[in-house]
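A.B. asks: I would like to see how this sequence folds:
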Amino acid sequence: MQAGNLSGNILITGGANGIGYAVAKRFSKENYKVAIADIEKPQYEDENIFFSKADISNPKDIDSLYDDVINAIGHPEILVLNAGRGIQEKLFEGDPEKWQKVIDTNLMGALRCIRAFVPQMMERQNGHVIVVSSVSANQPHPSGGIYAASKTALEVIAETLRLETLPHIKVTVVSPGITDTKFFEHQISGYTSVANLEMGSIAPEDIAEDIFYAVNQKGRSINKIITRPLKQSF
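C.D. replies: Residues are numbered from 1 along each chain as shown. Next up, the predicted model:
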């Protein structure tokens, strides 16, 4: 189908700002029914977008989210696992309690959403799961071990899900490079910024376009997309 004639149901975790916000706007523009799960309400109003307050690291919130989404838009045909937390700490001096928060959101939160929403996709033998990873996956770097490990594990989960649901469910990993969002401001600990990295940035709308492209391929599955600023070296 061509853009402008599309429709469907999509759930985006972490959709109140940044990449999730851009994805919600992109799909709403094409008349998709959009549900957003986040700990804060988005700053925009759109009749095609439903908001459910949920912390995906909390199992009880996943149960409530499932009921909210089904009642509001029906079973999602597309699940975008975007919610995530960043952290910068050295392994020999960091705080394991903070590390656990990263793992609970980046990994366990995504797994719980898969467990909640993919069974209905399998029953219908149709669906698409988008996993928002990072170029940090499989890239050990000082102070980035916990975040990189969480994203590496997430990519293994994505590939496992693809194999387990063949040929009915499409699974796409989208790995952004440095993106102009508030990600670094919202890190649990550690500090850097897009400007400090001095490699430029891409816009969250660029990643939204990647996701829209992957979703609207017919007869094939786009398994991984990596998008970086031109100057990014890792």
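
A.B. asks: Only C-alpha atoms from now on, for both contacts and neighbour counts.
C.D. replies: Will do.

A.B. asks: most residues in a single helix of this structure, which one?
C.D. replies: The longest helix of the chain (DSSP state H) is helix 145-165.

A.B. asks: which strands and helices sit next to that one?
C.D. replies: Contacts defined by 3 or more CA pairs under 8 Å, 6 or more residues apart in numbering; DSSP states H and E place helix 145-165 against helix 96-103, strand 127-132, strand 169-176.

A.B. asks: buried set for that helix?
C.D. replies: Residues of helix 145-165 classed as buried: 145-155, 157-158, 161-162, 165 (neighbour count, 16 or more other CA atoms under 10 Å).

A.B. asks: Contacts for it next, please.
C.D. replies: The contact list for helix 145-165 (CA atoms under 8 Å, 6 or more residues apart in numbering) reads 85-91, 99, 102-103, 106-107, 110, 122, 131, 133-134, 136-140, 169-173.

A.B. asks: starting at the chain centroid, how far to stretch 45-63?
C.D. replies: 14 Å (CA atoms, centre = their mean, to the nearest Å).

A.B. asks: mind showing which ranges of the chain have poor pLDDT?
C.D. replies: Within the chain, the segments meeting pLDDT under 70 span 1-6.

A.B. asks: Recalculate using a threshold of 80.
C.D. replies: 1-7, 43-45 (pLDDT under 80).

A.B. asks: quick one, what contacts the residue nearest the centre of it?
C.D. replies: A centroid search over the chain (CA atoms, centre = their mean) returns N82, at 1.5 Å, as the residue closest to the centre. Applying CA under 8 Å, 6+ apart to N82 gives the contacts 12-15, 19-20, 131-133.

A.B. asks: just A35 next, same as before
C.D. replies: By CA under 8 Å, 6+ apart, the neighbours of A35 are 9-12, 49-52, 69, 73.

A.B. asks: Let's have the residues you listed in TSV, adding secondary structure, neighbour count and distance to K41.
C.D. replies: Conversion of these to TSV gives the following (DSSP: H, G, I helix; E, B strand; the rest coil; neighbours: other CA atoms under 10 Å; distance: CA to CA, whole Å):
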residue	secondary structure	neighbour count	distance to K41
N9	strand	20	19
I10	strand	27	17
L11	strand	28	15
I12	strand	25	13
I49	strand	22	11
F50	strand	18	10
F51	strand	23	7
S52	strand	22	8
V69	helix	22	15
I73	helix	19	18
